[in-house]
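quick check, what structure comes out for this input:
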Amino acid sequence: MKERNLYPLKMFQKVFNVKLHLLNLVSYFLFFIGGFTLGVLLTSSYLRNTSLTLQTDQFSVAKSYLSHVPTGLKAYLEPPNVMHDMNDEELLWRASMAPRIPFHRVPKVAFIFLTKGPVHLAPLWEKFFKGHQGLYSIYVHSDPSYNASSSHPESPIFQGRRIPSQIVKWAQVNVIEAERRLIANALLDISNLRFVLLSEACIPLYNFSTIYSYLLNSQEIFVEVFDDPSSVGRGRYNSSYYPMITLDQWRKGSQWVEIDRDIATEVISDRTYFPAFRLGNRSCFADEHYLPTFVNQKFSAKNSNRSLTWVDWSTHGPHPVEYNSTTAELLDILRNGNGTRCLYNQRTSNICFLFARKFLPPALHSLLRLAPKIMHFNTDS
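The predicted model follows:
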């Protein structure tokens with residue numbers, strides 16, 4: 001009887017213990033969930049603060065770095081000064097980084113002059129360039145000994161256009177070193193799209209508008225290339241100096257070339273052909289063989305195979321005919337290439353030469369007198 005009376009009490013204790021156990025489990029679970037949630041919140045807060053600190057630090061570093069770099073495109077697009085302190089290696093490296101321009105800019109023609117001293121025919125070029133600012137650039141490579149202030153005053157159009165130059169000797173490899181130096185300096189102005197190599201004895205045969213349009217609309221470059229079997233052609237080839245070039249690949253041509261920006265970049269970036277010419281036979285007249293051979297090997301499909309500069313070699317000597325004066329008849333002959341016809345953008349044209357040489361200082365007076373009439377300077381026709 002007594003045990004029967006104790007049974008409900010024991011049952012109550014068991015039920016109570018089970019509920020208490022369940023309550024403890026629920027409490028532990030809630031405590032765990034609470035702790036876990038708090039941990040997540042604290043960790044998230046810590047990571048957020050850490051990330052913010054890292055971002056702040058990175059921004060500070062970037063801000064510090066960017067504070068030393070010009071912002072915007074204005075400084076980048078501004079044509080650089082022609083005088084600088086870069087050596088040849090630094091200059092060629094800098095110029096070889098041809099940027100992709102994501103917007104339209106006014107294209108310019110770079111007129112690059114390889115001279116001994118002053119450009120004696122500068123007054124003629126003054127008339128040629130007049131009224132066309134912003135469409136051209138001028139670069140002059142002259143002998144370092146030339147002092148414009150004491151020996152011969154520079155014309156305004158050429159003032160401040162001399163690049164850092166080195167000594168150049170006729171028929172030596174330093175001629176093409178100077179040409180590459182000129183091209184590299186012109187490449188620093190990203191608006192220069194065409195590059196014309198000229199000398200102090202060159203003259204324009206047409207007005208600026210005609211020449212500018214002819215060059216900018218051309219689908220080709222203008223590098224004279226031919227195979228000369230004589231002693232002054234193939235006779236200058238030496239396989240020990242030029243192992244990457246075979247005799248049948250050896251070419252000759254005029255030094256006075258016109259190229260576009262893509263080819264100009266390739267020329268100053270050449271690490272195969274140029275070093276061979278630089279170390280090779282000093283008597284090979286590198287200026288007559290380097291570019292013709294290089295262009296013919298790599299870019300023959302883009303080359304017109306002709307020069308835009310008229311030269312008279314009828315004397316068959318080491319130097320062309322020189323002109324101390326000129327006439328309207330002579331200029332007409334030069335302008336139509338003495339009846340020559342050529343291809344321009346796959347069509348026959350009677351305009352084959354845009355420039356001519358070799359005009360000496362005494363010819364300046366007659367050139368200035370005839371230029372407005374024959375070459376239509378200061379007109380658009």
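
residue boundaries of the strands in this protein?
Ranges of strands in the chain, per DSSP state E, are 108-114, 136-141, 192-199, 203-204, 258-260, 309-310, 342-344, 347-349, 355-356.

what's the closest non-adjacent residue to the residue minimising distance to the centre of the chain?
In the chain, the residue lying closest to the centroid (CA atoms, centre = their mean) is Leu187, at 3.0 Å. Nearest residue to Leu187, sequence neighbours excluded (CB to CB, 6 or more residues apart in numbering): Ala95, at 4.0 Å. No exception for glycine: its C-beta is placed from N, CA and C like everyone else's.

wait, that neighbour touches Asn192, no?
No - counting by CB atoms under 8 Å, Ala95 stays clear of Asn192, with 10.6 Å between them.

comparing these two, which residue is more hemmed in?
Shown here are Ala95 and Asn192; by other CB atoms under 10 Å, Asn192 has more neighbours (24 against 21).

partner residues bridging the more buried one?
For Asn192, the beta-bridge partners are Lys108 (DSSP bridges).

got a pLDDT number for it?
Asn192 is assigned 95 on the pLDDT scale.

flag the shaky bits of this structure, pLDDT-wise.
In the predicted model of the chain, residues 1-79, 85, 91, 98-103, 148-151, 281-283, 379-381 satisfy pLDDT under 70.

tell me where the stretch 51-200 of the chain has helices.
74-77, 88-96, 122-129, 174-187 (DSSP state H, counting those that start in this stretch).

do the same with the stretch 201-350 of the chain
208-216, 261-269, 273-279, 286-298, 328-335.

just to revisit the earlier point, tabulate the strands of the chain in TSV, adding columns for distance to Pro372.
Shown next, in TSV, are the strands of the chain (distance: least, CB to CB, whole Å):
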stretch	distance to Pro372
strand 108-114	20
strand 136-141	20
strand 192-199	21
strand 203-204	13
strand 258-260	25
strand 309-310	21
strand 342-344	26
strand 347-349	24
strand 355-356	17
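
of these, which is nearest Leu124?
strand 203-204 (6.1 Å; CB to CB).

just how off-centre is that closest one within its chain?
24 Å (CA atoms, centre = their mean, to the nearest Å).

about what we covered before: who's in contact with the residue nearest to the centre of the chain?
Ala95, Ser96, Ala98, Arg261, Ala264, Thr265, Ile268 (CB atoms under 8 Å, 6 or more residues apart in numbering).

please apply the same query to Ala186.
Contacts of Ala186 by CB under 8 Å, 6+ apart are Ala110, Ile112, Ser137, Tyr139, Asn192, Phe195, Ala264.

the same query, at a cut-off of 6 Å, please.
The contact partners of Ala186, taken as CB atoms under 6 Å, 6 or more residues apart in numbering, are Ala110, Ile112, Tyr139, Asn192, Phe195.

Leu198 and Ala110 touch, don't they?
No - with contact defined as CB atoms under 6 Å, Leu198 does not count as touching Ala110 (10.5 Å).

could you measure Ser142 against Leu92, distance?
20 Å (CB to CB, to the nearest Å).

cool, Asn378 as well?
Distance from Asn378 to Leu92, by CB to CB: 38 Å.

please identify which of those two sits among more neighbours.
Higher neighbour count among Asn378 and Leu92: Leu92, with 21 against 14, using other CB under 10 Å.

closest one to His132 out of the contacts of Ala186, please.
Among these, and counting by CB to CB, the member closest to His132 is Ala110, at 13.5 Å.

in contact with the closest one, which residues?
Contacts of Ala110 by CB under 6 Å, 6+ apart are Ser137, Ala186, Asn192, Phe195.

now with 7 Å, please.
Listed by CB atoms under 7 Å, 6 or more residues apart in numbering, the contact set of Ala110 reads Ser137, Tyr139, Ala186, Asn192, Arg194, Phe195.

what's the answer for Leu360, then?
Ala201, Glu322, Tyr323, Asn324.

cutoff 6 Å now
Applying CB under 6 Å, 6+ apart to Leu360 gives the contacts Glu322, Asn324.

same question, the one 4 residues further on
Counting by CB under 6 Å, 6+ apart, Leu364 touches Leu121.

my guess is Val321 contacts Asp312, does it?
Yes - with contacts counted by CB under 6 Å, Val321 reaches Asp312, the gap being 3.9 Å.

give me the contacts around stretch 156-167.
Under the criterion CB under 6 Å, 6+ apart, residues Val82, Val119, Ala122, Glu126, Phe129, Ile138, Tyr139, Val140, His141, Ser142, Pro144, Asn185 lie in contact with stretch 156-167.

quick one, which of those are buried?
When the contacts of stretch 156-167 are checked for burial by 16 or more other CB atoms under 10 Å, the buried set is Val82, Val119, Ala122, Phe129, Ile138, Tyr139, Val140, His141, Ser142, Asn185.

any idea how far Ile211 is from the fourth one?
Translated: Phe129. 11 Å.

next one: Leu187
With CB to CB as the criterion, Leu187 and Ile211 are 20 Å apart.

same check on Ser155?
The gap separating Ser155 from Ile211 is 19 Å, by CB to CB.
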